[in-house]
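Peer 1: got a predicted structure here, sequence first:
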Amino acid sequence: MPKILLVEDDERLSQLVVKYLQDQHFHVTRLADGSKLVQTVKQWQPDLIVLDVMLPGENGFALCRAVRPHFNGPLLFMTAKDDDIDQVLGLEIGADDYLIKPVEPRVLLARVNALLRRSQRHNPEGQSLQVLEFGHLRIERSTRSAKLKGRDVQLTSHEFDMLWKLAENASTLVERSLLYDELIGREYDGLDRSADVRISRLRKKLEDNPLHPYRIKTIWGKGFFFVAEAWND
């Protein structure tokens, strides 16, 4: 049974979410605030975190930053804060998806299942070790890890998926719609910035120039381009 950690201070909502997810064959643990979030993640090792933003004590954004060094699985914000700025901020600091309350149970289930499917760490049977190397960048699919200039790059599960998809299509345009279909799990509506935010995070971690990126380029109106020759410096 996949393990889901719910961090939500609303008692009634928590009971409803826990009951619904348990009925869908998930193992759910709930915290009413984030004071023991990192400790629980280390001990229980959940497969996915559902995190409220407006919590007593530290808010969800601060908690996301605190837990990310210890958890690279999918993290879903579920909150009443519906400002675009808050959604972008949530994605920039390490969330994989963002749901606005009130949430239809079937929508929550669909997002949870999509996040878990894309975060599964497995090698297809009979598949040999797959490694991509570009100058000082080395990406290993079997261990879902990346090194730049010999140093480990700390990537979330979804950041790794994005990097692998771009790198395996190096020097080729990867259309935005493909990334949404295969990695984010929904159609691109022309406004969703989830892919752009994840690309921005990758650029920061891979020492690309955020103002004038030359390693992972944005082709406006189309998609993204991984430059194979840009990793030698």
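Peer 2: Perfect, thanks for sending it.
Peer 1: L99 versus D23, what's the distance?
Peer 2: In this view, D23 and L99 are 19 Å apart by CB to CB, to the nearest Å. Just so you know, the C-beta spots here come from the backbone N, C-alpha and C atoms, and that holds for glycine as well.
Peer 1: who has more neighbours, those two?
Peer 2: The residue with more neighbours, out of D23 and L99, is L99; 17 against 10, by other CB atoms under 10 Å.
Peer 1: how is this protein divided into domains?
Peer 2: With automatic domain parsing as the criterion, the domains of the chain are listed as 3-119, 131-230.
Peer 1: possible to save the ones you listed as CSV with mean pLDDT?
Peer 2: Formatted as CSV, the domains of the chain follow (pLDDT from 0 to 100):
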stretch, mean pLDDT
domain 3-119, 89
domain 131-230, 89
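Peer 1: tell me how many other residues crowd T156.
Peer 2: Neighbours of T156 (other CB under 10 Å): 21.
Peer 1: look up how far L183 lies from it.
Peer 2: For T156 relative to L183 (CB to CB), the value is 12 Å.
Peer 1: can you check L155 too?
Peer 2: 13 Å.
Peer 1: who has more neighbours, the two?
Peer 2: Taking other CB under 10 Å, L155 and L183 do not tie; L155 has more neighbours (21 against 18).
Peer 1: where do the strands sit along the protein?
Peer 2: With strands called from DSSP state E, the chain shows them at 3-7, 27-31, 48-51, 75-79, 97-100, 131-134, 137-140, 145-148, 151-152, 173-175, 216-219, 223-226.
Peer 1: for those strands, give me TSV that also has distance to A167.
Peer 2: As requested, the strands of the chain are exported to TSV (distance: least, CB to CB, whole Å):
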stretch	distance to A167
strand 3-7	30
strand 27-31	34
strand 48-51	25
strand 75-79	23
strand 97-100	23
strand 131-134	5
strand 137-140	6
strand 145-148	9
strand 151-152	16
strand 173-175	10
strand 216-219	9
strand 223-226	6
